[in-house]
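*Asks:* how would this look folded up:
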Amino acid sequence: MSTQQPGQLGPGSQPPPGPPYVPQVAQLGGLPTPNPDDIISGILLAFFVAGAATHMTIFQINRRREHKFIFSALLFGFCMARIAALVMRIVLASRPTNVSIGIAANIFVAAGVLLLFIVNLLFSQRIVRAYHPSFGWNRGVTAAFRFLLFSVIALLIMVITTAVHSFYTLDMAVRQKERDVALFAGTYLAVLAFLPIPIVITAVVWPRDKQLKIDKFGQGRLRTKVRLLLFTSTLLSLGAGFRIGVNFSPRPITNPAWYHSKAAFYCFNFVIELIVVYVYAIARFDKRFHIPNGSKGPGHYRGLNTESEVFGRAEEDEKEKRPITGPGEAVDTETGEESRDLGEGVDNGRGDEDGDGDVEAGNFAGTEDGHSAESRSSVQKPAPGPEVV
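*Replies:* From the prediction side, this is the model:
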C-alpha cells in the first residue's frame, strides 16, 4: 500500500509545469466545464444579480428616509462577491489551464461568505442586548464581539495568503504548514458561523432581571427575529461545516469523492447563501433588526425607536390619516397614534405575557390606571450619533 500523500510527487515523476502549479488534490466542485457549469453558474448569477439589486434598492430608499441600515449594503457587497466568483468560474470553464483564474475563483468563493457571518454575529449581539440590556452593553461583552469581528479580518488575510502561496511552491513541508493554517482558519470560521445559535438560545432561556424590560427594537415580534436568525445561522453553519469537512478529507485529483461533486459544491455554497439573501430581503430585515441611531446603552433601543425613525415620516403620516374609532365615538388622531406606537411593545405595567417584549394590543385600549399614554411613553433620549456596535 502506497504511503504517498495527495499532491506529493512520486519517485522519478516530473514536476508539473508552473508556477503557478495545478493542484494535485481534488477540489470541491472539480474543474469546471462549459457543460454543465456554464448553465448552472448562469442561473445562479441571475439570482445573485437580482439579490444585489434588491438589497441596494432597499438601502437607497432607506438612506433617503434617513434610516441608516448598513447591513443591506453588506448583503449587496456579498452578492457582488458571489457574482465575481461565478464569472470567474465561467471563464475558467473555457480556459481550464489558466491557473491564475482558478486562484481568483477560489479566493472569491472562500472570502465572500464571511460577510454573512459578520451580519449574523452582529444581529445576535442585538438580541443579547434586547433580552439582557445590562449584560449585553457590558464593556467586556462588547469587547468580545469586537474581537470576533476583527479576528475574521485576520483569518481572511491568512487564508488568502496561504491559498495563493500554495500554488507557487512544490515544497511539501511548506504546503503542509499552509494546509494546517487553512484547516485552523476553516474550523474557526465554521465555529463563527455556528456561534449565533448558542448565543441567541442562551439569551432567550437565561433568566433575566425582572426589573428591566426587554429592550425591543425594530418592527415585529422579537421571537420572530430570533427564529429568523436561528434559521439563517443553521444554514450557514451547514455550509461552513461541510466545507471544512471536505478539507479534512483530501483525495488525489484522480480519485475524488462524492463530496467533491459539482452538485455538492453549488448546493452547499451558492444555494444555501441565496436562501439567506432572499429570506432577509423578503422578511424585511432592514425594519426588523433596525436600532435607533445613537444607541449607546440599556434602554436606548426602546427609547429612541420611534415610528418615523424606522419607517420614514411618510408612513407615519399615512397612519395618522387612519385613526381607529369605535362605534359612536371619536378618537383624537394624535392620541390614537400615540397609543398604537406604545402597542408596538412597550409594557404599561400589566406585564409581558409572552416574555419577548411584545404585549397584546388589548393591554393599551385605554388608560384605566389613571395615567395618560403620553406620560408612559416619555423616555430620556441621548444625543443622536452613529450606530454603536
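*Asks:* Could you pull out the strands in the stretch 1-150 of the chain for me?
*Replies:* Read by DSSP state E, counting those that start in this stretch, the stretch 1-150 of the chain holds no strands at all.
*Asks:* Any regions of it where pLDDT drops low?
*Replies:* Where the stretch 1-150 of the chain drops to pLDDT under 70, the residues are 1-18.
*Asks:* how about 50 then?
*Replies:* 1-12 (pLDDT under 50).
*Asks:* Just the residues contacting stretch 241-251, thanks.
*Replies:* Stretch 241-251 is contacted by residues 6-7, 25-26, 28, 182-183, 186-187, 189-190, 193-194, 257, 259-260, 264, 268-269 when judged by Cβ atoms under 8 Å, 6 or more residues apart in numbering. For glycine as for every other residue, the C-beta is placed from the backbone atoms N, C-alpha and C.
*Asks:* Among those residues, the buried ones, what's the ChimeraX command?
*Replies:* Buried residues within the contacts of stretch 241-251, by 16 or more other Cβ atoms under 10 Å, are selected in ChimeraX with:
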select :7,25,26,28,182,186,189,190,193,194,259,260,264,268,269
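*Asks:* Determine the longest helix present in the chain.
*Replies:* helix 139-166 (DSSP state H).
*Asks:* so what does it touch, helix or strand wise?
*Replies:* With contacts taken as 3 or more Cβ pairs under 8 Å, 6 or more residues apart in numbering; DSSP states H and E, helix 139-166 sits against helix 99-112, helix 114-131, helix 172-194.
*Asks:* how about the last one as CSV, C-alpha atoms only?
*Replies:* This points to helix 172-194. What follows is helix 172-194, C-alpha atoms only, in CSV (Å, rounded to 0.1, in the frame of the first residue of the first chain):
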residue,chain,number,x,y,z
MET,A,172,5.8,19.6,0.8
ALA,A,173,6.9,20.9,4.2
VAL,A,174,5.7,24.4,3.3
ARG,A,175,2.5,23.0,1.8
GLN,A,176,1.8,21.1,5.0
LYS,A,177,2.2,24.2,7.1
GLU,A,178,-0.1,26.1,4.8
ARG,A,179,-2.6,23.3,5.0
ASP,A,180,-2.5,23.5,8.8
VAL,A,181,-3.3,27.2,8.6
ALA,A,182,-6.1,26.6,6.2
LEU,A,183,-7.6,23.9,8.4
PHE,A,184,-7.4,26.2,11.5
ALA,A,185,-9.0,29.1,9.7
GLY,A,186,-11.7,26.9,8.2
THR,A,187,-12.6,25.4,11.6
TYR,A,188,-12.6,28.8,13.3
LEU,A,189,-14.9,30.2,10.7
ALA,A,190,-17.2,27.2,11.0
VAL,A,191,-17.5,27.8,14.7
LEU,A,192,-18.1,31.5,14.0
ALA,A,193,-21.0,30.6,11.6
PHE,A,194,-22.5,28.4,14.4
